[in-house]
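In: coords please:
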Amino acid sequence: MSTKNRGDRIQLLHKVVKKYYKPVATPEGRSVLEHLIYACCLEDARYDSADEAFHRLQESYFDWNEVRVTTVTELAEVLHNLPDPSAAAVRVKRNLQSLFETRYSFEIDDMVKMNQGKAIQELEKLGGSSKFVLGYTTQNSLGGHAIPVSDSIMQVLIATEIVSEAEAAKGHAPGLERTIAKSKGLEFSSCVHQFAVDCLLQPTSKQVKAMLKEAGAVEPAPKKEEPKPVAKVEKPAPTKVVAKKTEKPAPAPEPVKSKTKAGIPPVKPAGKSTEKTSEKATEKAVEKVADKTASKTAAKAPTKPPAKIVEKPTTKGGSSSNNSKPTPKKAPAKKAAPPLAKHVAKRAATAKTTKRKPK
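Out: Below is the predicted model:
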């Protein structure tokens, strides 16, 4: 932005605010400290609200030292009529605390007789001395040429394109003191302050918008709403139909093997298709068990004693021949093995027979 263009915009703003607002005169008889405390109340607030808050501070406390030791919460209750009482209470307390730590008193009227640059440097070192408080105190108590700029005034300067965003971020408002003469400084500062507070507290007012437009403010172009990207709906992949395999029925659990009294193992249940096979297997198993039982019984049975040879008596007519031997009796031929039950019973009966007696 060129210097000529900035100066023209500042002159236009001065013309507009002087048209709609009347400057407020500075009260006479106030000390440097009172101007400082009043500036803490006036920042971003109307003049009548700042006057009321300042008088309440003077009436509620015995002296400024009592205000210094009061908590921020209590001070905010006293300054309740301000737009931001907590921020004003912090500024008041910090300035008083810094003065006490620096000078150990609140008498600073000697700054009027000091070199103005040195006095301003001392005020800058105070903890609660903002750009607005420093400019107001310099202009109204020290007689210097300064334009107090608060946050609300900075927003007006940005809207009228007097100050860029980068300059506002650093807290600079170049060209104000150079464009506005010292004789017009109080008038310009008072009218711009009233306009900025109205813009802050009544941003939707038609009169405020009209004044801003008249002062050269450019309404920000409405932001074009970018079309929201349509989310692509992904089609689900075709699912393959997989034929389910027919599961074979699980085989029936095998029964616990247990021998019966006859020694025949239990036969597994089978389907209709295997009935004949199972019957044959059962018959073979029965035959095997019968053979084993017969062999065991035969082994345990006692053997028959050999038959005694009985000599025949000689006949009356002669003597018996010594060389003739008696023919032994033949053992009865074995019969075919009867069925299992009869065979076992017969073996048992044979074992109980007694030895034969000789004739």
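In: use CA for all of it now, contacts and neighbours both
Out: Noted.
In: for whichever strand or helix holds A50, give the mean pLDDT please.
Out: Applying DSSP states H and E as the criterion places A50 in helix 47-60. Averaging pLDDT along helix 47-60 gives 95.
In: likewise for stretch 197-211?
Out: 93.
In: kindly report the same for stretch 5-19.
Out: Computed over stretch 5-19, the average pLDDT equals 93.
In: name the residues of that stretch that are buried.
Out: 6-7, 9-10, 13-14, 16-18 (16 or more other Cα atoms under 10 Å).
In: helices and strands around the helix holding A50, which ones?
Out: For helix 47-60, the contact count by 3 or more Cα pairs under 8 Å, 6 or more residues apart in numbering; DSSP states H and E identifies helix 32-42, helix 72-78 as packing neighbours.
In: out of those helices, deepest packed?
Out: helix 32-42 (a mean of 23; mean count of other Cα atoms under 10 Å).
In: tell me what it is packed against?
Out: Applying 3+ Cα pairs under 8 Å, 6+ apart, we find helix 32-42 packed against helix 47-60, helix 85-103, helix 131-140.
In: any chance of JSON lines for those, columns mean neighbour count?
Out: Listed next are the helices and strands packed on helix 32-42 as JSON lines, based on neighbours: other Cα atoms under 10 Å:
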{"stretch": "helix 47-60", "mean neighbour count": "15"}
{"stretch": "helix 85-103", "mean neighbour count": "19"}
{"stretch": "helix 131-140", "mean neighbour count": "23"}
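In: looking at those helices, which is nearest to S190?
Out: Closest approach to S190 among the helices and strands packed on helix 32-42 is made by helix 47-60 (9.3 Å; Cα to Cα).
In: now do the closest one against helix 32-42, angle only.
Out: 130 degrees (axes from the mean of the first three to the mean of the last three Cα atoms, to 10 degrees).
In: and whichever helix or strand comes after helix 47-60, what's buried?
Out: The element immediately downstream of helix 47-60 (helix or strand, assigned by DSSP H and E) is helix 64-68. Counting neighbours by 16+ other Cα under 10 Å, one finds that the buried residues in helix 64-68 are 64, 67-68.
In: let me know the closest of these to D109.
Out: W64 (14.8 Å).
In: ok, now which ones touch S189?
Out: Going by Cα atoms under 8 Å, 6 or more residues apart in numbering, S189 touches 147-148.
In: may I ask which helix or strand encompasses it?
Out: helix 185-201.
In: send the alpha carbons of the following helix or strand past that helix over as PDB?
Out: Using DSSP H and E, the next helix or strand after helix 185-201 towards the C-terminus is helix 206-214. Provided in PDB are the C-alpha atoms of helix 206-214 (Å, rounded to 0.1, in the frame of the first residue of the first chain):
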ATOM      1  CA  LYS A 206     -27.400  -1.200   9.800                       C
ATOM      2  CA  GLN A 207     -26.000   2.200  10.800                       C
ATOM      3  CA  VAL A 208     -22.600   0.800  11.700                       C
ATOM      4  CA  LYS A 209     -22.500  -1.100   8.400                       C
ATOM      5  CA  ALA A 210     -23.400   2.100   6.500                       C
ATOM      6  CA  MET A 211     -20.600   4.100   8.200                       C
ATOM      7  CA  LEU A 212     -18.100   1.400   7.500                       C
ATOM      8  CA  LYS A 213     -19.100   1.400   3.800                       C
ATOM      9  CA  GLU A 214     -18.900   5.200   3.700                       C
END
